[in-house]
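> Sequence and predicted structure, then a few things I'm wondering about:
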Amino acid sequence: MEKLLIAADNTNNFDLLDEMLKNNYDVQRYRPGMRITQRTDLIIADGKTLSRIQSDNPDFKNEDGMLFQPLLLITPRKGISLIKNRIWQTVDDVITTPVSKMELFARVEILLRARRQSVKLNRLNSKLKSENDIMKQESGMLTDYFANVSHELRTPLSIIMSCADSLYAFMDDNEFDSENCRNTLDVSKRNCQRLLRIINNLLDMTKLDSGQVSLNLRNIDPVKTLNEIVYSVQDFIQYKDISMSFFSDSKCRNIAVDLDMFYRIMLNLLSNAIKYTPPKGAISVSLHDSGGRDKIVISIKDNGIGIPAEKQSTIFEPFILADETMSKRFEGCGLGLSLVKSLVERHGGKIWAESKIGLGSIFSFELPVMTADNIKPAMFGTDITDKINCELSDI
Ligand code: ADP
């Protein structure tokens, strides 16, 4: 019910108006010193109380406020001639005494209609304001993202440029020692792979977002494939002094996956585990059945730096780094996990993380066990080294 405040100089006048309005509105009487709140929909005041309302409420009718606060003045017919122009800054309509119930209703309803529109506009305005705030925040994030991606692209590019400069210098100085050249070319190749990884991730994210990616399903034995991946990665990171193991108690020997995507998922998660685990750390990969063997769960556990609790729900969103200060110590632009999440979901699965700061993290993903007779078994081992070189290029 809309709230009406009646400011009448004497009780008889108040009772009269109250009688006419109380069945349709929540009517209250104005008491001297009262503060008018936004909850008041309409004020009906006689000439004698008007200045009192203004002195009790100096902010009343402050035009900065978006909400229309209507005021209906009641005055004897002869008082109309005394109304000054500037009174319209406060008063929105006038009714003369003796007040007829019909006319009072009409005027109250017209003013309340304007009030309702103003409430609607006010709500719309706050909605627009909060949408605008979100857009501003998103545009700030986009700017940060471009700055971050540009930085990520520029770093390997600068290294490749300086490798080229070194090779020119070797040529100019006739110092073409093959070991120096090989080392320079190795650094250059590793940074090409870093660039390729970032660009692949950006392209794949765009494709996955627009639903342009179809699964090229092949039957694989998950135990064999995971063994192969862990073994190859272990070989690749020997110099890092991090141990890596694989354990499985799964009975699943056949599951249809897109092998390329499966490699991307595993190598991204392993690359993170290696990146955020200090020397002498341990990484273990495990495979279990779940949901009565309808599903398998693969977990990658490390005992590295861990992820702050408040960041654990956002790390799967694109361009989120668990700790902005970390990004200075570790390469990456926060695309890997969101890509992994999309790839897992593309297989009808889900992914989650558990982590304790300083103790380590476990990333697990679940895949439905689907196989089909007309799906060919996958061929292994052909290009996993290239994939590892690329996916682990920023370690
Ligand atoms: P990037 O592609 O830059 O590596 P990701 O999307 O893979 O980014 O990861 C997002 C963030 O999640 C990383 O910046 C890192 O802070 C955090 N993170 C991911 N994996 C781990 C992990 N195993 N241990 C600690 N932090 C991790």
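Yes, it's here. Numbering: from 1, shown residues only.
> for Arg115, what are its contacts?
Contacts of Arg115 were listed using CB atoms under 8 Å, 6 or more residues apart in numbering, and they are Glu2, Asp41, Leu42, Phe68, Gln69, Pro70. Every C-beta, even on glycine, is put in place using the N, C-alpha and C of the backbone.
> Mind telling me what element it is part of?
Per DSSP states H and E, Arg115 falls inside helix 101-172.
> From the contact counts, what lies against the helix or strand just after that helix?
Remark: after helix 101-172, the chain's next helix or strand is helix 178-209, criterion DSSP H and E. For helix 178-209, the elements it packs on are helix 101-172, helix 336-346, helix 384-391, judged by 3 or more CB pairs under 8 Å, 6 or more residues apart in numbering; DSSP states H and E.
> so of those helices, which one's packed in deepest?
helix 336-346 (a mean of 20; mean count of other CB atoms under 10 Å).
> which helices and strands does it pack with?
Counting by 3+ CB pairs under 8 Å, 6+ apart, helix 336-346 packs on helix 178-209, helix 259-275, strand 350-356, strand 360-368.
> Figure out which of those is closest to the ligand.
Nearest of these to the ligand, taken as CB to the nearest ligand atom: helix 259-275 at 3.4 Å.
> Now do the buried residues in the closest one.
Buried residues in helix 259-275, counting neighbours by 16 or more other CB atoms under 10 Å, are found at 259, 261-275.
> biggest separation within those residues, which pair?
Leu259 and Lys275 (23.8 Å; CB to CB).
> Least confident secondary structure element in the chain?
helix 326-329 (a mean of 49; mean pLDDT, DSSP states H and E).
> picking up where we left off before, closest one to the ligand out of the contacts of Arg115, please.
Nearest to the ligand out of the contacts of Arg115 is Phe68 (CB to the nearest ligand atom; 49.4 Å).
> Go ahead and confirm Ile229 touches Leu269.
No - Ile229 is not in contact with Leu269 according to CB atoms under 8 Å; the separation is 10.3 Å.
> Run through the residues of the stretch 101-250 of the chain sitting next to the ligand.
Counting by CB under 6 Å from any ligand atom, none of the residues of the stretch 101-250 of the chain come close to the ligand.
> give me the low-pLDDT residue ranges for the stretch 101-250 of the chain?
For the stretch 101-250 of the chain, no stretch is flagged by pLDDT under 70.
> Now with 90, please.
Residues of the stretch 101-250 of the chain meeting the criterion pLDDT under 90: 122, 138-153, 155, 170-180, 190, 194, 197-198, 200-218, 234-241.
> Between the two ends of stretch 386-395, how far is it?
Counting by CA to CA, to the nearest Å, you get 15 Å between the two ends of stretch 386-395.
> Next: stretch 344-354.
From its first residue to its last, stretch 344-354 covers 17 Å (CA to CA).
> Quick check: buried residues in it?
Residues of stretch 344-354 classed as buried: Val344, Arg346, His347, Gly349, Ile351, Trp352, Ala353 (neighbour count, 16+ other CB under 10 Å).
> again with stretch 52-67
For stretch 52-67, using 16+ other CB under 10 Å, the buried residues are Arg52, Ile53, Asp56, Asn57, Phe60, Lys61.
> can you narrow the residues you listed to ones near the ligand?
Answer for these near the ligand: none qualify (CB under 6 Å from any ligand atom).
> Filter these down to the ones in helices?
Arg52, Ile53, Asp56 (DSSP state H).
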